[in-house]
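Student: Sequence and computational prediction follow.
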Amino acid sequence: MTILELVLALGSDDRTERDAAAAAVAGLGSEALPVLVGQLQDCGSRVSEAALLAALRPMGREAFEAVVGALRTSATAPGEARHRLLRVFAGFGVPALDGYVGALLLDDPTLRRAAVAAVSRWSSDVLAAAQQVLPLLGDRDAQVRQAAVQAFVSWGTAVVPLLQVVRVEGPGQARAGALEALAEIGGEAVISARDIAALERLAKIEIIEDRPVPLSCCFLSWIAVPTGDQAVVMEMLGLSQPRPVPFSVGVHAADIDSHGGLDADPLDAYRRVFVTPELAGWTLVVGAWCDPSATERQNEVLEACERLSTRFGRAQAYWWSATQDGSAVLIAEDGVVVRRFGYFPGEDVQLLELGEPLAFEQERRAALGLPAVAVNRVDTEEDADEWLWELLDIAPNLAGA
């Protein structure tokens with residue numbers, strides 16, 4: 001069999017044939033490299049990336065450099081071919097760590113970004129890896145800089161002292177990335193008073209011409225109150241230590257917190273909220289702390305909305321998942337919760353439900369051709385399925401209405 005035929009046999013449906021081909025290719029060593037890399041660049045190849053990587057890895061440094069060489073000449077290759085090469089590049093593992101460190105210095109920003117991810121994944125010596133990635137916190141390519149920031153964030157508190165030194169001593173081009181990583185790792189607790197003061201000055205400047213942006217969080221919780229009096233809303237909710245931030249920064253903070261907080265403590269998700277400026281007569285309080293459905297928060301959110309609605313006539317709390325994990329709503333009027341319910345696929349939410357269906361719910365059912373909600377009436381399977389799809393987005397739809 002030719003080398004090409006042996007490599008193609010790595011994709012055979014017959015296990016015995018695959019194993020024999022793998023042994024034969026391994027015996028060929030570097031002689032098989034051009035064909036293996038060629039198949040890797042062939043999007044129509046019947047040989048999987050996993051099979052090609054399994055054949056390449058035992059060849060060590062020579063195979064790694066062959067893949068890097070293909071990547072450096074593949075800028076004009078079809079997108080999927082380059083992606084196949086990048087995925088295999090990332091899969092060489094710990095034995096290729098020196099190669100990944102070397103790739104941090106290459107001219108190709110895509111390769112530098114992939115190398116950052118590989119170093120952060122495969123190195124067991126966090127501080128040594130951090131020293132290698134540190135210069136890329138100031139990389140000329142924005143995506144590489146962001147990859148470096150995320151690598152430091154993934155290393156967590158172990159790299160905080162190093163980042164703090166960068167903030168004081170440089171290198172200068174890495175200082176901004178170091179501050180961003182510190183903010184995501186530990187927030188104000190790990191940022192110097194000098195940096196916090198500088199950030200506050202910058203925020204005040206940016207707020208002068210600030211504009212609202214969409215509340216684009218993966219898991220979005222908010223309380224809505226029909227008033228522009230932020231101070232009273234914050235006082236009634238017991239919020240403290242306010243800091244001014246541009247609208248987009250507040251939304252970004254809420255999004256980060258919605259993924260579980262800043263460290264291993266799950267309660268970190270509830271330590272801050274973003275209070276918006278007045279928006280069409282409403283003030284929104286945004287953050288996981290406002291979730292009307294969370295076991296840890298639902299009673300306090302209910303009581304908070306009752307207090308706010310006593311003062312302002314209405315108060316509402318919502319939770320919504322942009323990834324279709326569900327919705328929850330709470331509506332309070334004149335000091336009383338008139339409705340609370342939610343839908344989370346596969347979960348029992350009966351304990352959450354309070355009050356009678358809202359007019360909005362009945363209107364949506366009518367618009368979908370479904371019968372009104374009534375005592376002791378059970379939807380058919382088809383009707384129930386259609387209504388459940390509606391419930392996935394009930395929070396933003398009801399809030400909009």
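Tutor: Cool, got the structure.
Student: What separation do you get for the spatially closest residue to D42 that is not a sequence neighbour and L53?
Tutor: Sequence neighbours aside, A81 is the residue nearest to D42 in space, at 7.4 Å (criterion: CB to CB, 6 or more residues apart in numbering). For the C-beta atoms, the positions are set from N, CA and C on the backbone; glycine is no exception. Separation of A81 from L53 (CB to CB, to the nearest Å): 15 Å.
Student: The residue nearest to D42 contacts T73, doesn't it?
Tutor: No - the criterion here is CB atoms under 8 Å, and A81 misses it with T73 at 11.4 Å.
Student: Would you mind telling me which of these two has more residues around it?
Tutor: A81 (17 against 10; other CB atoms under 10 Å).
Student: who are the neighbours in contact with the more buried one?
Tutor: Applying CB atoms under 8 Å, 6 or more residues apart in numbering, we find A81 in contact with L40, Q41, D42, C43, S74.
Student: Next: P109.
Tutor: D139, D141, Q143, V144.
Student: just V275 next, same as before
Tutor: V275 neighbours (CB under 8 Å, 6+ apart): Q230, V233, M234, L239, P242, G250, T283, L284, V285, V286.
Student: how much space between R271 and Q362?
Tutor: Distance from R271 to Q362, by CB to CB: 39 Å.
Student: Equivalent analysis for D385, please.
Tutor: In terms of CB to CB, D385 sits 19 Å off from Q362.
Student: now F92
Tutor: 60 Å.
Student: Comparing these two, which residue is more hemmed in?
Tutor: F92 (23 against 16).
Student: pretty sure the more buried one belongs to a helix, no?
Tutor: No - under DSSP: H, G, I helix; E, B strand; the rest coil, F92 sits outside any helix and is assigned coil.
Student: My guess is it contacts A54. True?
Tutor: No - applying CB under 8 Å, one finds F92 not in contact with A54, separated by 11.3 Å.
Student: all strands of the stretch 151-300 of the chain, in order?
Tutor: 219-225, 274-275, 283-286 (DSSP state E, counting those that start in this stretch).
Student: same for the first one, what does it pack against?
Tutor: Judged by 3 or more CB pairs under 8 Å, 6 or more residues apart in numbering; DSSP states H and E, strand 219-225 is in contact with helix 247-258, strand 283-286, helix 298-312, strand 314-321.
Student: Recalculate using a threshold of 6 Å.
Tutor: strand 283-286, strand 314-321 (3 or more CB pairs under 6 Å, 6 or more residues apart in numbering; DSSP states H and E).
Student: Each with direction, which strands does the last one pair with?
Tutor: Going back to what we said before, that points to strand 314-321. Here strand 314-321 is paired, per DSSP bridges, with strand 219-225 (antiparallel), strand 327-333 (antiparallel).
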